[in-house]
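Colleague: Just need the structure, nothing else, for what follows:
(4 chains)
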2 protein chains.
Amino acid sequence: MTVSKAAEKSSEKPADTAKGRKDAAEAQPEALQLGELSEQLGYVLKRAQLKVFENFLRCMASLQLTPAQFSVLLLVEKNPGRNQTEIASTLGILRPNFVAMLDNLESRDLCARIRSTNDRRSHILVLTDKGKAVLARAKKLVATKHEARLNDLLGQANREALLAMLSKIASEF
Amino acid sequence: MTVSKAAEKSSEKPADTAKGRKDAAEAQPEALQLGELSEQLGYVLKRAQLKVFENFLRCMASLQLTPAQFSVLLLVEKNPGRNQTEIASTLGILRPNFVAMLDNLESRDLCARIRSTNDRRSHILVLTDKGKAVLARAKKLVATKHEARLNDLLGQANREALLAMLSKIASEF
DNA sequence: GATAATTGTTATGGACCATATCAAATATCG
DNA sequence: CGATATTTGATATGGTCCATAACAATTATC
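Modeller: Prediction:
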């Protein structure tokens, strides 16, 4: 598959009109044939995912939250009192890689590590007041600017069907 | 969102049965609440994408083809005589990053760079005989082991609907 | 024919992902 | 109890992918 973010340059190709193919028998303008590629689930899935993340980042520009950071805040809010290992593994983040991520969120005073009194090895994670406030604003931005756009594009019913199918793939494929 | 590949460890959580919560009032077993995360398109999309790529790699293990490499071979076959810039940009690959990729495919004798006689700057890309043969086998593997599984999981109609929605997101979001 | 643009390439840095390893704390079991 | 194993957070490190700048060779433009 492939699909990076930087294919935004030569996207608008001239159609096969008089202006597109210029005079009469000039070299083909461009516009490659995707062929079976457009039927490959992985290819289309990846392209869609990149677009969605891209849009997410634009919507969150004012809060400077990446999709990964947003998911951490959401999960910590929903599951207060859990430690790093539990939060990280639920999100599919490896513990070593979670450290720098938390360092970042903690340095921005969005969440805090608290030494557990039960098990003094582990750090309990909680949202700070600022973290709760930022997350609340983030949720609104996502709902109004991000997810709402999906509804406009696909319709409510289709959007739910899409989510259901993706969940099925994520859990049963 | 987040979602890496390494969340395959503590996935099977015991349900909240007698065996799940053990005796009576013991510490909560585990099983975090995903909450709104499972409604976030980006999160589910990424998880699904990782699963699909993972399965793709397993299906292609005998041919040692990554999704990106497969997409290159497909596109070169469908569009013979195009140069590196055209193939790369169509796939969303930046030209500098495409060089090593082609070096790899060329070293395995799957495709070849040919200096264009029209424009001696550019390299025309073609599949070798071996490349055509490998691609043919790859297509069969993908169709029978990879895409077929999607049909089993979602059904033909749903699979097509999914592809259509993802294509719409990829192109219009 | 001088200048600008394009093609493939190299070098380089960043982001993300994965493994091995460690010290501190806890669990396990003789 | 005490030796050993396990768990937790952390560091170091390497790999892959993505992105930008810069370059030589070639071609286009004026």
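Colleague: which other helices and strands contact the host helix or strand of A:Arg149?
Modeller: Assigned by DSSP states H and E, A:Arg149 belongs to helix A:148-154. Applying 3 or more CB pairs under 8 Å, 6 or more residues apart in numbering or on different chains; DSSP states H and E, we find helix A:148-154 packed against helix A:156-172, helix B:156-172. The way it works is simple: take the backbone N, C-alpha and C, and place the C-beta from them, glycine included.
Colleague: By neighbour count, which bits of stretch A:123-142 are buried? Give me those.
Modeller: A:123-127, A:131-132, A:134-135, A:138, A:141-142 (16 or more other CB atoms under 10 Å in any protein chain shown).
Colleague: The lengthiest helix in chain A and chain B, any residue contact?
Modeller: Of all the elements of type helix in chain A, the one with the most residues (DSSP state H) is helix A:41-59. Yes. Using CB under 8 Å from any CB of the partner chain, helix A:41-59 reaches chain B at A:41-53, A:55-56.
Colleague: Next, the angle from the next helix-or-strand element following that helix to helix A:41-59.
Modeller: Note on helix A:41-59: by DSSP H and E, the next helix or strand toward the C-terminus is helix A:67-78. Relative orientation of helix A:67-78 with respect to helix A:41-59: 70 degrees, computed using axes from the mean of the first three to the mean of the last three CA atoms, to 10 degrees.
Colleague: Kindly indicate whether A:Arg120 is helix, strand or coil.
Modeller: coil (DSSP: H, G, I helix; E, B strand; the rest coil).
Colleague: To what extent is it buried, counted in neighbours?
Modeller: 8 (other CB atoms under 10 Å in any protein chain shown).
Colleague: Spatially central residue in chain A, please.
Modeller: A:Phe53 (3.7 Å; CA atoms, centre = their mean).
Colleague: got a pLDDT number for that residue?
Modeller: Predicted confidence (pLDDT) for A:Phe53: 98.
Colleague: Start and end of stretch A:55-73, how far apart?
Modeller: 19 Å (CA to CA, to the nearest Å).
Colleague: got the contact list for it?
Modeller: A:53, A:87, A:91, A:93, A:101-102, A:104-105, A:110-111, A:127, A:131, A:134-135, A:137-138, A:141-142, A:145-146, A:149, B:1-3, B:37, B:40, B:42-43, B:46, B:173 (CB atoms under 8 Å, 6 or more residues apart in numbering or on different chains).
Colleague: mind listing what's buried in the lowest-mean-pLDDT helix or strand in chain A?
Modeller: When the helices and strands of chain A are compared on mean pLDDT, DSSP states H and E, helix A:148-154 comes out lowest with a mean of 93. For helix A:148-154, the neighbour count (16+ other CB under 10 Å) marks A:149-150, A:154 as buried.
Colleague: can you check stretch A:89-101 too?
Modeller: Neighbour-count burial for stretch A:89-101, counted by 16+ other CB under 10 Å, picks out A:89-93, A:98, A:101.
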